[in-house]
Structure formats: structure tokens, C-alpha cells
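Asker: Sequence plus the predicted model coming up.
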2 protein chains.
Amino acid sequence: MRDSAPRAVTAICQALEEQIEHGLLQAGHKLPAERKLSDVFATTRITLREALVQLEARGLVYREERRGWFISPPRLRYDLNARSHFHAMVQAQGRNAHTELLSAQAQPASAAVCGHLGLAPLSRVFSICRRRRIDGRLVLYVEHHLNPAFFPELLEHDLSQPLTELYARQYGIEYGQVRFEVAPTALGAQAAAALKVSAGSPGLRIVRVNRDRQGQVIDCDLEYWRHDAIALVATHG
Amino acid sequence: MRDSAPRAVTAICQALEEQIEHGLLQAGHKLPAERKLSDVFATTRITLREALVQLEARGLVYREERRGWFISPPRLRYDLNARSHFHAMVQAQGRNAHTELLSAQAQPASAAVCGHLGLAPLSRVFSICRRRRIDGRLVLYVEHHLNPAFFPELLEHDLSQPLTELYARQYGIEYGQVRFEVAPTALGAQAAAALKVSAGSPGLRIVRVNRDRQGQVIDCDLEYWRHDAIALVATHG
DNA sequence: GAGTGGTCTAGACCACCAA
DNA sequence: TGGTGGTCTAGACCACTCC
């Protein structure tokens, strides 16, 4: 409980933290190479990396696979009450949003997805995978799984536009009730690769199950966020 | 992206995972010593520990400071819509809840707490620190900060009982609107010590700002959860 | 091609927990 | 008191990024 002689890791964390707080290192700025930093702090790479991993856990720095360590930008505020989509949310906070389509296909749904959508096992669904950036930084890997009953000929349409617009314009569907499930977990292989983070790094998993105005489940989203990229906000009562 | 020869860490993770899935290792069960495990997998402690840290990030195992590694129990479902308190929530899920009072005092509030409560800087508040267990496992460190205007002579009362009951019985106060802020982060020194986890391990921070039926802010809670102990659930619209 | 991060080895000492 | 986890050292090789 006592720190008579503070650990090396703690000392490194505090030093870097102070630099960040005083603005000497700014959001998005790249840190020096690990070997250089371990020289600066007169320690080994292993020890230095442990300090960086702790700062990563606290959300002060992040890494891009094989590219190095960077100073984290502020978290996006994700309001569960608001009915807005990613781009609107990001732009409302004065930041730049970008979405990239990774894949779109009809395929048999996983057991979990069948459960969320209330479909029979092995039902086919439309699955759309995308990744999203805020100010250029990869922050979100998301799989949309759509109940095909509501979306005939889905794959014929332009899927690079916001889905909510496609829903409204092509199918006359608008969101009603939304159910969220949120749990901190490690990013799986797919999400990690898409976000260019090392497999097993911490993330936040958000499952959205969306209903239309009549209360029917129309689709579900599996979102995998960099853990330090968002802060959820919700009001109840 | 390819795993021609899977990493040692990955192989260890998969082996342990399989044991857990097949029920050979059950919730709460303690794993063998790190040195023994590193022998079993013919690797070094460093490598073995990295595998354990990854499983920890995924919520499959957890550790208690200086006591070893254990298999994680299922997550508690924390329903943001429900108005129930910790004990009711835990018991409703067939598990055993326990609360321990760590401290209770009147003190100047931090800047963040003043902001949440809408008080002038350096206002005095009642601060109550507790830690909570599920089935004996430490999972939550929480600080309650109460606006003293609503709670005259608070410290005279029995603070080991559920606060909601105290509010209702002694002060005639019931919760109205609740606002949540949720962010994954590392556990701070205080929370880590209280939960007996190594400082800097991953956690989930939840801030609750509670209003009464008239819409006045009466208190706020700063909750620090073991990251693998809960899954949030919320419904909107 | 140089330099970087990702991964791994083979030890060591200390503080603390349990017996 | 013996064994454990927490911490740290001093290297190494490889795959990839970036120039």
C-alpha cells in the first residue's frame, strides 16, 4: 500500500503523464521509439512497455500495430438517449468522421445474432462490416446484421451511405426502441485486425438491437470500440 | 494477419480457454502457480504472464494481488433502466451480495464532484466509501458524495444499511432521474487497493448523478468496477 | 536497408501470503 | 519459512514500416 521507493513503472507513468498534461505532448503526437524512451528513463524495454501499457489502459496513450505509440485524443461522448448516427454524433462534437465499408454479403447468422434477431438457427441474414475513424484514427469496427425480411434486394443499393438514410429512403423504416448491451472485453482477431491494434488489446463491446416503430426487431449491430475512444452517457427516469 | 506458426501466447490462451470451456476449470477455481504453468507450457514466466493478462482482458480469468489467478465467474447484468440497488440486483440474479463500509466523513469535494452536484468550489460534502463483493469476490469500489443540504446529521445514522433505504426512511427522499457516464479506464490507486488488484489493471468507471422526484441533484456515485464483473444493459426509445 | 515494434529467453531479487 | 506473485535486467530474433 505504501510507496517508499516508487516503482520504476510508476515513475515513468508519472513523468509521461506530466508531459501530456502540460501540453508538451499533444493529441495524435507520436512518442519516441521504445528503445529511445527506455534510454531516457534508464530502464529496459520490457519495463518501459509495461508503463506504456498502463497508460494505454488509462486511455492516455494508444498504439497502432507496428507503428508506435501516440497521445490519445479526447473520448467521443456516445449518448445512448440520442437517436443520431455515428457521423452526426462525431460532427456535433466538432470532429471529423469517416466510414469504410469492409464487406457486405448474405450469410448464415451466428447463434448469437439469431438470438438477437429472433430468427431460427442458421437463418440467413445480410451482414455488413465496416470500420470507422474519428479525425483519421481507427476507433470502431462494427458488424451490422439485418433481418432480410425487412430489406429485399439490400445488396443492390449503395452501402457506403449511412444506413439510417438507406433505411428511411429505400425501405421507409425508422428506428423505434433500441436495446444496448455493453461490456469491456478484449478485441477479437477480426476487430483487432480491422482496427490495426494488437490482438487482445482492451476494447468495449456494444451490442445494439434495433426495433422499428412497430416494435419489430429489424437489425442488430455488434460494435467493437477502442476502449479509450468513447464515454457513454445515458439518462433514465 | 496470417498465423503460420501460432504465437506461444496464443497457444497458451487457447489451451487454457479450452480447459475452461470444458469445465475442467470452474468459476472461482485457482490456477496453478505461474512457475508451474510456465513449465507446463515450456515457456518463460514473462510469456506465460502475457497470456494470462490477455485472458484477463477478455474476462476469462482474474487475479487477486499476490494471491494468484482465478477463473472468472459470469458477469453481473447491470440494468440502467431498473431502479434497484446493488443487493437487490445481485440477489435477483441468484448470487450473494456483500457491502463493506470503508469510510464516511464530511470533507471538501473535488472539483469534479462539485461540478456533478452543482455546488460552489470547495463546498463540503458527505463522502462515503465502500467496497462490494459478489459471491465473496471484490468487484466494486464506490464513493458516494452527498449534497449536505439534503442530509442533515447524516453521519449520526447507520451507514452500513443500503443508502436508498436510509434516504427513504430518514429523509423521505426517493430517486427520480438518474444520469450515467460510463468509460473503460484503469483503476486508480485507491480503487485498486480497495479491490486488492494491482494498480493500473483495467476497470470500468461509472458516474451516477442522482436527482430526486423534483429534479434536484441530491448525490453522485463514483463507481469503479472490475472490468470483467459487469455487463451493462439499457433500453431507450 | 535501417529502424521499429512484436515476441521471446533465462535468469534475478524482493515483499508478501500461507503453512 | 518456503513458495508465490510483483518487478526488473540484459539481452535476442523476426516481421514489418518507412525512408
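Answerer: Good, I have the coordinates. Numbering: from 1, shown residues only, chains lettered A, B, ... in the order given.

Asker: Tally up the residues packed near residue A:56, please.
Answerer: 24 (other CB atoms under 10 Å in any protein chain shown). C-beta here means a position set from N, CA and C on the backbone, and glycine is covered the same way.

Asker: Report the contact partners of residue A:69.
Answerer: Residue A:69 makes contact with A:30-31, A:34, A:52, A:61-63 under the criterion CB atoms under 8 Å, 6 or more residues apart in numbering or on different chains.

Asker: Among those residues, list the two that are farthest apart in space.
Answerer: A:34 and A:62 (14.5 Å; CB to CB).

Asker: For chain A, what lies in contact range of DNA strand D?
Answerer: Where chain A comes near DNA strand D, counting by CB under 7 Å from any atom of the strand, the residues are A:7-9, A:42-47, A:50, A:66-67.

Asker: how about a cut-off of 10 Å?
Answerer: Applying CB under 10 Å from any atom of the strand, we find that chain A lies next to DNA strand D at A:3, A:5-12, A:30, A:34-35, A:38, A:41-51, A:54, A:64-68, A:196.

Asker: Same list, the residues you listed, but only the ones touching chain B.
Answerer: A:10, A:46, A:54 (CB under 8 Å from any CB of the partner chain).

Asker: Show the buried residues in those.
Answerer: residue A:54 (16 or more other CB atoms under 10 Å in any protein chain shown).

Asker: if we look at DNA strand C, which of the ones next to chain B among the residues of chain A next to DNA strand D are close to it?
Answerer: Among these, DNA strand C is touched by residue A:46 when using CB under 10 Å from any atom of the strand.

Asker: Among the ones next to chain B among the residues of chain A next to DNA strand D, which one lies nearest to chain B?
Answerer: residue A:54 (4.0 Å; CB to the nearest CB).

Asker: State the distance from the nearest residue to the closest one once chain neighbours are set aside to residue B:38.
Answerer: Spatial nearest neighbour of residue A:54, excluding adjacent residues (CB to CB, 6 or more residues apart in numbering or on different chains): residue B:200 at 4.0 Å. Using CB to CB, to the nearest Å, we find residue B:200 at a distance of 23 Å from residue B:38.

Asker: Compare those two (neighbour count), which wins?
Answerer: Comparing residue B:200 with residue B:38 by other CB under 10 Å, the one with more neighbours is residue B:200, at 22 against 19.

Asker: Burial check on the residue nearest to residue A:33 when sequence neighbours are not counted, number of neighbours?
Answerer: Using CB to CB, 6+ apart and skipping the chain neighbours, the partner closest in space to residue A:33 is residue A:68 (7.2 Å). Counted with other CB under 10 Å, the neighbours of residue A:68 add up to 12.

Asker: returning to what we had before: what kind of secondary structure is the residue nearest to residue A:54 in?
Answerer: coil (DSSP: H, G, I helix; E, B strand; the rest coil).

Asker: Tell me if I'm right that it and residue B:192 touch.
Answerer: Yes - taking CB atoms under 8 Å as the definition, residue B:200 is a contact partner of residue B:192 at 7.2 Å.

Asker: quick one: the closest residue to residue A:184 other than its chain neighbours from residue B:206, how far?
Answerer: Leaving aside its sequence neighbours, residue A:184 sits nearest to residue B:227 (CB to CB, 6+ apart; 4.1 Å). Distance of residue B:227 to residue B:206, computed by CB to CB: 11 Å.

Asker: higher neighbour count, the two?
Answerer: The residue with more neighbours, out of residue B:227 and residue B:206, is residue B:227; 28 against 21, by other CB under 10 Å.

Asker: circling back to that earlier point, please render the ones next to chain B among the residues of chain A next to DNA strand D as JSON lines that adds pLDDT and secondary structure to the earlier fields.
Answerer: Formatted as JSON lines, these follow (pLDDT from 0 to 100; DSSP: H, G, I helix; E, B strand; the rest coil):
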{"residue": "A:10", "pLDDT": "88", "secondary structure": "helix"}
{"residue": "A:46", "pLDDT": "90", "secondary structure": "helix"}
{"residue": "A:54", "pLDDT": "90", "secondary structure": "helix"}
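
Asker: ok, so of the ones next to chain B among the residues of chain A next to DNA strand D, who is nearest DNA strand D?
Answerer: residue A:46 (3.9 Å; CB to the nearest atom of the strand).

Asker: Skip the chain neighbours and tell me the closest residue to that closest one.
Answerer: residue B:46 (7.3 Å).

Asker: ok, now how distant is that neighbour from residue A:52?
Answerer: Counting by CB to CB, the gap from residue B:46 to residue A:52 is 16 Å.

Asker: Residue A:158 now?
Answerer: 41 Å.

Asker: and those two? which has more neighbours close in?
Answerer: residue A:52 (21 against 9).

Asker: Look at that one and tell me its secondary structure.
Answerer: helix.

Asker: Could you find the closest non-adjacent residue to it?
Answerer: residue A:69 (5.7 Å).

Asker: Please name the residues that touch residue A:92.
Answerer: So residue A:92 contacts residue A:84 (CB under 8 Å, 6+ apart).

Asker: Next, format the ones next to chain B among the residues of chain A next to DNA strand D as JSON lines and append distance to residue B:110.
Answerer: Shown next, in JSON lines, are these (distance: CB to CB, whole Å):
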{"residue": "A:10", "distance to residue B:110": "22"}
{"residue": "A:46", "distance to residue B:110": "35"}
{"residue": "A:54", "distance to residue B:110": "22"}
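
Asker: can you pull the contacts of residue A:82?
Answerer: Per CB under 8 Å, 6+ apart, neighbours of residue A:82: residue A:89.

Asker: Surely residue A:106 touches residue A:147?
Answerer: No - the criterion here is CB under 8 Å, and residue A:106 misses it with residue A:147 at 11.8 Å.

Asker: which one of these two has more residues nearby?
Answerer: residue A:147 (21 against 12).

Asker: Which residues are in contact with that one?
Answerer: So residue A:147 contacts A:117, A:119, A:125, A:217-219 (CB under 8 Å, 6+ apart).

Asker: how close does it sit to residue A:220?
Answerer: 9 Å.

Asker: Could you do residue A:183 as well?
Answerer: 15 Å.
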